[in-house]
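**Q** Any chance you can model this:
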Amino acid sequence: MYAIYVRVSTDEQAKHGYSLGDQLSSCHERYKFYGIEQDIVEYVDDGYSGEFLDRPALNKLRDDIQSKKIKMLMIFCIDRLGRESIDSQYIAKELLAANVKIVSVKEGEFEHTEEGKAIYGLFAIIAGLEKAKIRDRTIRGKTRKAELGKIPANYHVYGYDWDRVNSQYVVNEEQAEVIRLIYKLCLEGMGFTRIIKELHSRGIMTPKGKPFARSTIHQILSREDYIGKTYYNRSRWKQVGQGKHSVVPRDRSEWIELATPPIVSTEDWYKVQKQKKMNSKLSKRNTRHDYLLRGMIFCDKCGGRMIGEQASSNVGKYHYYKCYNVKKLQFDNKPCDAKMIRADIIDEYVWQSLVDLVNGIPGIIEQAQPKDYSSDLLELQQEEQQLIKKREKVRSAFRKSLLTEDEFEEDLKLISKELEQVKGKQQALLSFAETMPKTSKVSASDIINAVTFEDKRKILLDGDVKLLAVKTGTGSSEFNIVYEYVSAR
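**A** Residues are numbered from 1 along each chain as shown. Next up is the predicted model:
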């Protein structure tokens, strides 16, 4: 049996005479030179890179070679077998070991001699070097083009047409109006799903005549192209397997910024980025329980987000906050070992702490100018010292056998709980005092009058507060909260 192996990986190769049809035709013509026109089997890999040996047709060819079914192999050129010279030589070794004659249309016939092996290896090295040169010239050409202020290639960005002559984007006004509408709907508080429904109700479709997908809406609301910034060289593709790539980010210093005609204002773009974060926090998605602190509470151990989770016991079902990284490997190749926290208890604790704080310090949330909270902190510190003295008295009483062991442990537990609450109020007051913005959408009266779950969540979200859950014991209700103000751009 006589074999032909052909491969093409990209349309670009087809443009330069490497099409499958051309390769097959040339190989069949060369077989005629040997007087062979029958019993020829074609092995075709269409759309497979030569960087890896794992290719369907090549695998079948190698199996047939090992089964001694092949007498001669015809290829268009050596690099069809493999991009790297070591790959080509590895396959050639298999072929020669099975006494298969190797013929290349471009490089000629390779004899089963040491000299033939050496010549084949030399051609393989030359082919590999040529490929590397072409790749290098292509990358350097695109980079040089970008440095001159031109966009290296048409990336088909929605909202723009391509000016091939000047290598620039030109605003497509019809699509630009759709982009502006999507930004407007987002700023009105609509999430991706509602935006898609609104576009569909207006009969607005993609250029292919299909409804917009969530990923498309997300991309439109995230691209900096629409505020006049297009970046080249932000990342590079690394092939990790046949048909598999990973994106490797480059250092910011390597990015090349290119100017594009803006479609939306910079102010609206940044507002949308903030609105997307707000929508993400408000979105319940598949959540079946109302978690007050959803999207605002983080693990103190690893910094990961804490997510709501339901658990069952003999007495019923409970809801907890659990670190998202509990089952995920961290930098030390170990998952986070933070314990779960009862959601109903911590939700009530956080909200009541805020109410107590506002009741004790009227107008704390609505202050327009910074206020001196030193007297309030002093009161809390004095309360903490009184509790510490009380704890020492309890210990002294136990040492004098005035308390039983059970009474001693119960008193200590109550004092420790009070101490944690006082320290939590101190931390909350410090965080508010240090980071409170000059203006706020939240007032003290809003907090005091909030009754519904939605009202409470809106107040917490408007306050831009990040909560760190600190476990103080092994139980699910033993914790403390550290408050951090998160400023929005």
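**Q** Does residue 166 touch residue 150 like I think?
**A** Yes. With contacts counted by Cβ atoms under 8 Å, residue 166 reaches residue 150, the gap being 7.2 Å. (Glycine included, C-beta is placed from N, CA and C.)
**Q** neighbour-wise, which of those two wins?
**A** residue 150 (16 against 11; other Cβ atoms under 10 Å).
**Q** the helices in the stretch 201-350 of the chain, which residues?
**A** 214-220, 266-282, 343-360 (DSSP state H, counting those that start in this stretch).
**Q** Please identify which helix or strand holds residue 461.
**A** Secondary structure assigned from DSSP states H and E places residue 461 in helix 453-462.
**Q** let me redo that: residue 170
**A** strand 168-171.
**Q** right, and the helix or strand after that strand?
**A** Past strand 168-171, the next helix or strand by DSSP H and E is helix 173-187.
**Q** What residues of that next one count as buried?
**A** Neighbour-count burial for helix 173-187, with 16 or more other Cβ atoms under 10 Å as criterion, is recorded at 175-176, 178-180, 182-183, 185-186.
**Q** what does stretch 56-71 give?
**A** Counting neighbours by 16+ other Cβ under 10 Å, stretch 56-71 gives 57-58, 61-62, 64-65, 70 as buried.
**Q** do the same with stretch 190-201
**A** Using 16+ other Cβ under 10 Å as the test for burial, stretch 190-201 gives 190-192, 195-196, 199.
**Q** which one of those residues is nearest residue 426?
**A** residue 191 (38.0 Å; Cβ to Cβ).
**Q** can you give me the strands for the stretch 201-350 of the chain?
**A** Ranges of strands within the stretch 201-350 of the chain are 229-232, 235-241, 244-249, 256-259, 297-299, 306-313, 316-323, 341-342, based on DSSP state E, counting those that start in this stretch.
**Q** Make a markdown table out of those and add mean pLDDT, mean neighbour count and distance to residue 404.
**A** Shown next, in a markdown table, are the strands of the stretch 201-350 of the chain (pLDDT from 0 to 100; neighbours: other Cβ atoms under 10 Å; distance: least, Cβ to Cβ, whole Å):
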| stretch | mean pLDDT | mean neighbour count | distance to residue 404 |
| --- | --- | --- | --- |
| strand 229-232 | 83 | 18 | 71 |
| strand 235-241 | 61 | 11 | 66 |
| strand 244-249 | 66 | 10 | 63 |
| strand 256-259 | 82 | 16 | 74 |
| strand 297-299 | 82 | 23 | 38 |
| strand 306-313 | 81 | 14 | 31 |
| strand 316-323 | 84 | 18 | 32 |
| strand 341-342 | 86 | 22 | 30 |
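**Q** quick one, which of those strands is nearest to residue 108?
**A** Across the strands of the stretch 201-350 of the chain, closest to residue 108 is strand 235-241 (Cβ to Cβ), at 30.6 Å.
**Q** Quick check: closest non-adjacent residue to residue 306.
**A** The shortest distance from residue 306 to any non-neighbouring residue, by Cβ to Cβ, 6 or more residues apart in numbering, is to residue 321 (4.2 Å).
**Q** Against residue 190, how distant is that neighbour?
**A** Separation of residue 321 from residue 190 (Cβ to Cβ, to the nearest Å) stands at 28 Å.
**Q** ok, which stretches of the stretch 351-489 of the chain are strands?
**A** 465-471, 479-485.
**Q** Now the weakest link among these, please, by mean pLDDT.
**A** When these are compared by mean pLDDT, strand 479-485 comes last with a mean of 60.
**Q** ok so residue 7 is a strand residue?
**A** Yes. Remark: residue 7 belongs to a strand, assigned using DSSP: H, G, I helix; E, B strand; the rest coil.
**Q** Return the distance of it relative to residue 100.
**A** Distance, residue 7 to residue 100, using Cβ to Cβ: 18 Å.
**Q** Mind checking which of these two has more residues around it?
**A** residue 7 (25 against 20).
**Q** bridging residues for the more buried one?
**A** Beta-bridge pairing for residue 7 (DSSP bridges): residue 45.
**Q** so who does it touch?
**A** 23, 44-46, 48, 50, 55, 57-58, 80 (Cβ atoms under 8 Å, 6 or more residues apart in numbering).
**Q** will you turn the strands of the stretch 201-350 of the chain into a markdown table that also has distance to residue 462?
**A** As requested, the strands of the stretch 201-350 of the chain are arranged in a markdown table below (distance: least, Cβ to Cβ, whole Å):
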| stretch | distance to residue 462 |
| --- | --- |
| strand 229-232 | 30 |
| strand 235-241 | 36 |
| strand 244-249 | 33 |
| strand 256-259 | 34 |
| strand 297-299 | 16 |
| strand 306-313 | 20 |
| strand 316-323 | 21 |
| strand 341-342 | 24 |
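**Q** No further queries at this time; thank you.
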